[in-house]
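In: model the following, please.
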Amino acid sequence: MIVEDDSAIREELVLLLENEGYQVFMVTNFATITDQAIREHPDLILLDIGLLGQDGFALCAALRKAVSAPVIFVTSRDSGLDEMRALSLGGDDYITKPYSVPVLMARIRAVLRRSIDTSEHLDTMEAAGVRLSLTKGTLHRREGLWSLPGMRCRLWSV
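Out: Presented below is the predicted three-dimensional model:
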């Protein structure tokens, strides 16, 4: 999922990712980003900080509450304080523009490799817009994410 308000950069990211075989969803309606993330279930979110009329930091915090996808900040802000703030609010990586395409792609692969746990795919059931995770003890619907106390299971692989 790409959350970038600069259309040229957004289109470039879409092209780069699709050429690498990724299925891409790009946000064009910036009023309902969190709702779109809940609906699309992205495996990864590329997020700009300086969005038109929105704060990418606050948006990251809201996205973290709504979906479990890792967040990579892709931004022109190169301050160490901005990077520290982004990572402390739940960002998984921080890349400054202009970025090196091979480095960007390597970081995307690394974040995805760390975040996609095979046990998560084994324990997750999805039907009719509802996703149930046995190991996390969560129920995820369009309206939000609920914790199910006492529901957590441990999966063993042999």
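In: which helices and strands does the helix or strand hosting Val14 pack with?
Out: Val14 is part of helix 7-19, with elements assigned from DSSP states H and E. In terms of contacts (3 or more Cβ pairs under 8 Å, 6 or more residues apart in numbering; DSSP states H and E), helix 7-19 is packed against strand 2-3, helix 101-115. From N, CA and C alone the C-beta is placed, and that goes for glycine too.
In: for Ser147, find the nearest of these.
Out: Nearest to Ser147 among the helices and strands packed on helix 7-19 is helix 101-115; the distance by Cβ to Cβ comes to 19.7 Å.
In: quick one: neighbours of the spatially closest residue to Pro42 that is not a sequence neighbour, just the number.
Out: Across the structure, with Cβ to Cβ, 6 or more residues apart in numbering as the measure, the residue nearest Pro42 apart from its sequence neighbours is Met1 (3.7 Å). Counted with other Cβ atoms under 10 Å, residues neighbouring Met1 total 21.
In: mind checking how far the residue nearest the centre of the chain is from Tyr99?
Out: Nearest residue to the geometric centre of the chain (Cα atoms, centre = their mean): Ile45, 2.9 Å. With distances taken as Cβ to Cβ, to the nearest Å, Ile45 is found 16 Å from Tyr99.
In: returning to that earlier point: who's in contact with the residue nearest to Pro42?
Out: The neighbourhood of Met1, defined by Cβ atoms under 8 Å, 6 or more residues apart in numbering, consists of Val24, Phe25, Met26, Val27, Gln36, Ala37, Glu40, Pro42, Leu44, Ile45, Leu46, Ala69.
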